[in-house]
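Student: show me how the following folds:
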Amino acid sequence: MFPLNVQPEAMVEELSQFNKKLVAGMKTMSEVGEISEGVSAREAVYTDDKLTLYHYTPLKKDPHRVPVLIVYALVNRPYMADIQEDRSLVRGLLQEGVDVYLIDWGYPDASDRYLDLDDYINGYIDRCVDFICEKHDLYRINLLGICQGGTFSTCYTAMHPEKVRNLVLTVTPIDFKTPDNTLSRWAQDMDVDILVDTMGNVPGDLLNFTFLSMNPYRLTSQKYLDMVQLLDDKTKLRNFLRMEKWIFDSPDQAGEAFRQFIKNFFQGNRFINGGLKIGDHHVDLKKITVPVLNVYALKDHLVPPSASKALKNLIGSEDYSEVEFKGGHIGIFVSGRALKEVPPAIGSWLKERG
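Tutor: Model prediction:
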């Protein structure tokens, strides 16, 4: 007797079809070609050490006068926001008439070991904002932060409110110690001093392994079994491989910045508990009085909604809005539904505020 009423003939047939797909897929794999990093036309307009600031070619004849600067996380690479034509936050914003800039942090090496949060936020981000302001003859621009980049953008707006017109945050951690935050629980007992003092920069592969470990079956074995069903479709396979390339394209983390981020946010929860100082600036979220749009994902396993929604009661702005997306941390940028919901919501919110 076979369990669950499984018939041997059906098993043999299924294995046979599986093997045929694998064999046919070898030809498809050979025809995929080079996997691109992003799909929208852009131009490098400013560089600063490893950083490159990109300006995307507008898709509307008269884009919004006030551009948006996308600040991505230091983990992984920012082309996730422009992963494919029909699943691109960047392209969706361009279609909404938003003028888009994006910071690419590049790949830190040993010479960047001592870069700290002050260098990244009051240094690199501030100089990018100044560049865009000068280019567009403005004194304020819009910021759009993604994940850790949203945390950076929140800090920047609190320290430099005169340079930010509107603040948009997507899947951004604010309260780093909510009960449902698995990543935070793992970080509490980390001896980050030993880690950084020993390794210098923190290897990107180490962090990537940590993220995959949060959902190991779905993010490893299952997706490769599912991939077999795509092997006869060159377009779908290319999109799958593009996402795989992004997942494993993990820059190392500048050691001192990593140390400060873990201590100040994951362990110290300084947005909630106070006492956050970056460089010469004390970070007071009550100084954020500009309009704020907070976009979070209901099924986010890295940044639970509660971690993002805590922002509402911490800032001084009277113009605060939230957008709830029924998806996950990555799905909010790369799913088909996200393209229909998120960029239009951001675009209309910005239009209403000039």
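Student: the stretch 51-200 of the chain: strands as residue ranges?
Tutor: Counting by DSSP state E, counting those that start in this stretch, the stretch 51-200 of the chain has strands at residues 51-56, 68-71, 100-104, 141-146, 164-170.
Student: remind me which residues of the protein are low pLDDT?
Tutor: 1-33, 35, 209-235, 246 (pLDDT under 70).
Student: list the contacts for the residue most central in space within it?
Tutor: With distances taken as CA atoms, centre = their mean, residue 146 lies nearest the centre of the chain, 4.3 Å away. The contact partners of residue 146, by CB atoms under 8 Å, 6 or more residues apart in numbering, come to 70, 71, 72, 73, 78, 81, 170, 171, 172, 333. (Glycine included, C-beta is placed from N, CA and C.)
Student: from residue 331, how far out is it?
Tutor: 14 Å (CB to CB, to the nearest Å).
Student: same thing with residue 60?
Tutor: 26 Å.
Student: more neighbours, the two?
Tutor: residue 331 (17 against 12; other CB atoms under 10 Å).
Student: report the contact partners of the residue lying closest to the more buried one once chain neighbours are set aside.
Tutor: Among residues not flanking residue 331 along the chain, residue 338 sits closest, at 6.3 Å (CB to CB, 6 or more residues apart in numbering). By CB under 8 Å, 6+ apart, the contact list for residue 338 reads 87, 89, 325, 327, 331, 332.
Student: what's the closest of those to residue 309?
Tutor: residue 325 (12.8 Å; CB to CB).
Student: residue 107: how many residues sit nearby?
Tutor: 13.
Student: change the start of the numbering to 55 and stick with it
Tutor: Fine by me, first position is 55 from now on; the one you just mentioned is residue 161.
Student: now the closest residue to it other than its chain neighbours: how far from residue 291?
Tutor: Nearest non-adjacent residue to residue 161, counting by CB to CB, 6+ apart: residue 305, 4.6 Å away. With the distance defined as CB to CB, residue 305 ends up 26 Å from residue 291.
Student: what of residue 229?
Tutor: Applying CB to CB to residue 229 and residue 291 gives a distance of 40 Å.
Student: do the same with residue 234
Tutor: 35 Å.
Student: wait, residue 137 touches residue 388, no?
Tutor: Yes. Residue 137 is in contact with residue 388 according to CB atoms under 8 Å; the separation is 5.2 Å.
Student: what do these two both touch?
Tutor: Common neighbours of residue 137 and residue 388 (CB under 8 Å, 6+ apart) are residue 297.
Student: ok, residue 388 - contacts?
Tutor: 134, 137, 138, 141, 297.
Student: burial count for the fourth one?
Tutor: It refers to residue 141. Count around residue 141 with other CB under 10 Å applied: 21.
Student: beta partners of it?
Tutor: Bridge pairing for residue 141 (DSSP bridges) gives the partners residue 138.
Student: for it, give me its contacts.
Tutor: 293, 387, 388, 389, 390, 392, 393 are the contacts of residue 141 under CB under 8 Å, 6+ apart.
Student: from residue 359, how far out is the closest residue to residue 382 other than its chain neighbours?
Tutor: Once flanking residues are discounted, residue 382 sits nearest to residue 353: 4.5 Å by CB to CB, 6+ apart. Distance, residue 353 to residue 359, using CB to CB: 9 Å.
Student: could you do residue 253 as well?
Tutor: Applying CB to CB to residue 253 and residue 359 gives a distance of 33 Å.
Student: those two - which one has more neighbours?
Tutor: When residue 253 and residue 359 are compared for neighbours, residue 359 comes out ahead with 19 against 15, by other CB under 10 Å.
Student: that one: what's it in contact with?
Tutor: 350, 351, 352, 378.
Student: repeat that for 6 Å
Tutor: By CB atoms under 6 Å, 6 or more residues apart in numbering, the contact list for residue 359 reads residue 350.
Student: buried sites along stretch 232-242?
Tutor: Going by neighbour count (16 or more other CB atoms under 10 Å), the buried part of stretch 232-242 is 232, 235, 237, 238, 241.
Student: whoops, stretch 191-208 was the one
Tutor: Here stretch 191-208 shows 194-208 as buried, counting by 16+ other CB under 10 Å.
Student: okay, helices next: where are they in the stretch 55-204 of the chain?
Tutor: Using DSSP state H, counting those that start in this stretch, the helices of the stretch 55-204 of the chain run over 62-85, 143-149, 171-172, 180-190, 202-213.
Student: next, the angle from the fourth one to strand 195-200.
Tutor: To tie it back to what came earlier, the one meant is helix 180-190. 140 degrees (axes from the mean of the first three to the mean of the last three CA atoms, to 10 degrees).
Student: buried residues in helix 180-190?
Tutor: 182, 183, 185, 186, 187.
Student: what's the answer for stretch 312-329, then?
Tutor: Those would be 312-316, 318-326, for stretch 312-329 by 16+ other CB under 10 Å.
Student: how much space between the closest residue to residue 98 other than its chain neighbours and residue 324?
Tutor: Spatial nearest neighbour of residue 98, chain neighbours left out: residue 106 (5.2 Å); criterion: CB to CB, 6+ apart. For residue 106, the distance to residue 324 equals 30 Å [CB to CB].
Student: and what of residue 389?
Tutor: 32 Å.
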